[in-house]
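Q: would you be able to build a 3D model of this:
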Amino acid sequence: MDVARVGNRSFKYYWEQTVRYDLTAVDHPITRGLRNFAMIDETYTMAEPNQDNEILIMADHPNSMKAIAWTRQYKNSLVF
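A: Prediction:
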């Protein structure tokens, strides 16, 4: 495990974790056609995204934040 700081956000990350990813928005254009999957990846623990985000993919791992991919509206743009 390593600890890092970017701007005002502290987070931890872990190398070579086997992680299961579950799609929570299967009809979204970004995730359409994908299935749940697992892979060896690095994981991060930090604050979860705000409630106004649409969560697309969740992780099932004790050393990972739960929300992995999300979208949100920022001014006139949709951000991924």
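
Q: residue 80 contacts residue 31, correct?
A: No: using C-beta atoms under 8 Å, residue 80 makes no contact with residue 31, being 10.7 Å away. The C-beta positions use only the backbone N, C-alpha and C, and glycine is treated the same way.

Q: higher neighbour count, these two?
A: Using other C-beta atoms under 10 Å, the more surrounded residue of residue 80 and residue 31 is residue 31, with 15 against 10.

Q: show me which positions of the strand ranked longest in the chain end up buried.
A: Taking DSSP state E as the criterion, the chain has its longest strand at strand 9-23. Counting neighbours by 16 or more other C-beta atoms under 10 Å, one finds that the buried residues in strand 9-23 are 13-14, 17, 19, 21, 23.

Q: same question for stretch 24-33.
A: 24-25, 28.

Q: and stretch 46-56, by the same measure?
A: 49, 54-56.

Q: coming back round to it: could I get the buried residues of stretch 24-33 as a markdown table with pLDDT and distance to residue 75?
A: What follows is the buried residues of stretch 24-33, written out as a markdown table (pLDDT from 0 to 100; distance: C-beta to C-beta, whole Å):
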| residue | pLDDT | distance to residue 75 |
| --- | --- | --- |
| 24 | 97 | 25 |
| 25 | 96 | 22 |
| 28 | 96 | 21 |
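
Q: closest one of the residues you listed to residue 45?
A: residue 24 (19.2 Å; C-beta to C-beta).

Q: surely that closest one and residue 53 touch.
A: No: the criterion here is C-beta under 8 Å, and residue 24 misses it with residue 53 at 11.2 Å.

Q: residues touching residue 79, list them.
A: 71-73 (C-beta atoms under 8 Å, 6 or more residues apart in numbering).

Q: got any residues that touch both of residue 80 and residue 31?
A: With C-beta under 8 Å, 6+ apart, residue 80 and residue 31 have common neighbours residue 69.
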